[in-house]
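J.: please work out how this folds:
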Amino acid sequence: MYDTIIIGAGMSGLAAGIRLAHYDQKVCILERHYTIGGLNSFYRVNGRNYDVGLHAVTNFTAKGAKKGPLARILRQLRFKWEDFSLAPQKGSRIAFPDVELRFDNDLDLLRSEVKRAFPTQVDRFEALINQIADYDDLDQAAFERSGRKILEETIDDPLLIEMLLCPLMWYGNAAEYDMAWGQFCIMFRSIFIEGFARPYKGVRLILKNLVKRFRGLGGELKLRAGVKTIHVEDGRVVCVELDNGEQIQGKRILSSAGSLETLRMCSDTSEPDPRRAGQLTFIESISILDRQPEKIGNADTIVFYNDSEKFHWEKPAVELCDTRTGVICSPNNYEYSDDEGQLTDGVVRITTIADFDRWNALSEDEYQRQKLRWYDRSVAASVQFTPDFRPYVIDTDLFTPTTINRFTWHDNGAVYGAPDKVLDGTTHLKNLFLCGTDQGFVGIIGAMMSGISMANMHCLRD
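T.: Sure thing, here's the model as predicted:
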């Protein structure tokens, strides 16, 4: 009998496991995949390592900071700042036709850029920042209010609204078209007020340290151990049954599998309404260059681009992908303190909105053809907003919504899960709780914060 069984060995599940193991709980993490990390995992092709989800760690604060999610995670999990070894960004851009806004890990740069590009909006932008400062992360009501509506009440230039929404939606919004005010506040703080960084060795360093700490505290991690059924009696979970038929008992269950995905496992519920599932998923092309991106004029860490004055945040209507908007990430362009931190190869990653159903319906041969086709199309769209790197490419790969589904098991390969978040992590069962994406915090730091918060709230109080 375990004190807590955790479903999913992503950032959220691992952080929750460490937090509970520190208090001598007997904890078992169950992972259906053969590796850890969930969305923030990695794979190896042709002798090269590729991160699946990592563009940047958001919520960055410098070494020694006492406030913010990163500082809180380090305290709660008893890590040192060096255990994550984060290099801050050099600088990023929001790029629309004829207008761009630069930003870095100091909000004053974005303030000055708004003043330059939108001089009539300076006071309104400051009013928006003040509203965000007063936001409570666990205010469920804020997730029931339209972010667009509040922005329109505060800022009266439609283009500035679209430009602010673009990076925040790209890095943490599960709903199409609009963004919950609560999610907007969380993402604004994590990207514009705190900022981007990258672990020197990529996501592997963080995952390695999390697993080492969890196992060092006596935690059990079972890979290839998918949960088939959560057995329920009298409003409580009595055990979980694995795909191989093994049954495991725990006093409580903490699931990072997603809200719909978790309900689907419960023996007392019918099939959840598929319309509640998230629809937003991506392809990501990875280009390996024979030189550093800065050598060809690309000094940006991340570029969020959109090809018109209206930001397009929706599932593709007709094709496999929609290249009207995207993200260009250059993981070389961080402030690495020495040559050891810098990547050996130049790397450019392009993220593009995609349609899971269309990708999932392809035959294997057609799937491979479409990967080549959409690599070309997504890169062609991106070089309108960054120096053309195509003459310097020596290797490529592309992962699709089906790849994301395979690593996360989220319906539709939905990167940010279902649009409706459950901030307190509760379910219809007394001893089953949610953490991770569908609890409401996203990104690497957000996911770990979710695991810690839900562990503190539901698993350390009895």
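J.: what's near enough to touch residue 274?
T.: By Cβ atoms under 8 Å, 6 or more residues apart in numbering, residue 274 lies in contact with 260, 411. The way it works is simple: take the backbone N, C-alpha and C, and place the C-beta from them, glycine included.
J.: try the one 4 residues further on
T.: Residue 278 is in contact with 174, 410, 411, 412, 414, 415, 416, 417, 418, 419, counting by Cβ under 8 Å, 6+ apart.
J.: residues near the second one, how many?
T.: For residue 410, the neighbour count with other Cβ atoms under 10 Å is 26.
J.: report how many residues lie close to the closest residue to it other than its chain neighbours.
T.: Leaving aside its chain neighbours, residue 410 sits nearest to residue 258 (5.4 Å; criterion: Cβ to Cβ, 6 or more residues apart in numbering). By the other Cβ under 10 Å criterion, the neighbourhood of residue 258 contains 25 residues.
J.: does residue 258 touch residue 417 like I think?
T.: Yes. Between residue 258 and residue 417 there is a contact at 5.3 Å, judged by Cβ atoms under 8 Å.
J.: what touches both of those two?
T.: 410, 436, 437, 438.
J.: sorry, back to before: let me have the contacts of residue 278 in CSV, extended by secondary structure, distance to residue 187 and pLDDT.
T.: Formatted as CSV, these follow (DSSP: H, G, I helix; E, B strand; the rest coil; distance: Cβ to Cβ, whole Å; pLDDT from 0 to 100):
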residue, secondary structure, distance to residue 187, pLDDT
174, coil, 12, 93
410, coil, 19, 88
411, helix, 22, 91
412, helix, 21, 92
414, coil, 17, 92
415, coil, 14, 90
416, coil, 10, 91
417, coil, 14, 91
418, coil, 17, 91
419, coil, 14, 91
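J.: which SS class is the nearest residue to residue 306 once chain neighbours are set aside?
T.: In space, not counting the residues next to it along the chain, residue 306 is nearest to residue 325; the distance is 4.4 Å by Cβ to Cβ, 6+ apart. At residue 325, secondary structure determined by DSSP: H, G, I helix; E, B strand; the rest coil is strand.
J.: tell me what the longest helix along the chain is packed against?
T.: Longest helix of the chain, by residue count under DSSP state H: helix 364-382. Packing contacts for helix 364-382, counted by 3 or more Cβ pairs under 8 Å, 6 or more residues apart in numbering; DSSP states H and E, involve strand 281-289, strand 321-329, strand 346-354, strand 393-399.
J.: poorly predicted segments of the chain, please.
T.: Scanning the chain for pLDDT under 70 picks out 41-43, 51-54, 137-138, 338-341, 462.
J.: ok, now with 50
T.: Within the chain, no stretch has pLDDT under 50.
J.: got the domain boundaries for it?
T.: Split into domains by automatic domain parsing, the chain comes to 2-60+203-275+419-458, 92-194, 279-408.
J.: of all those domains, which one is nearest residue 80?
T.: Nearest to residue 80 among those is domain 2-60+203-275+419-458; the distance by Cβ to Cβ comes to 9.7 Å.
J.: how distant is that closest one from the center of its chain?
T.: With Cα atoms, centre = their mean, to the nearest Å as the basis, domain 2-60+203-275+419-458 stands 15 Å off its chain's centre.
J.: quick one, what contacts residue 305?
T.: 94, 95, 96, 325, 326, 327, 328, 382, 384, 385.
J.: returning to that earlier point: farthest pair within the shared contacts of residue 258 and residue 417?
T.: 410 and 436 (10.1 Å).
J.: overlap in contacts of the two?
T.: Common contact partners of residue 410 and residue 436 (Cβ under 8 Å, 6+ apart): 258, 417.
J.: can you tell me the helix or strand for residue 447?
T.: Residue 447 belongs to helix 443-458 when assigned by DSSP states H and E.
J.: which elements pack onto that helix?
T.: So helix 443-458, by 3+ Cβ pairs under 8 Å, 6+ apart, packs with helix 11-21, helix 69-77, strand 250-255, strand 432-434.
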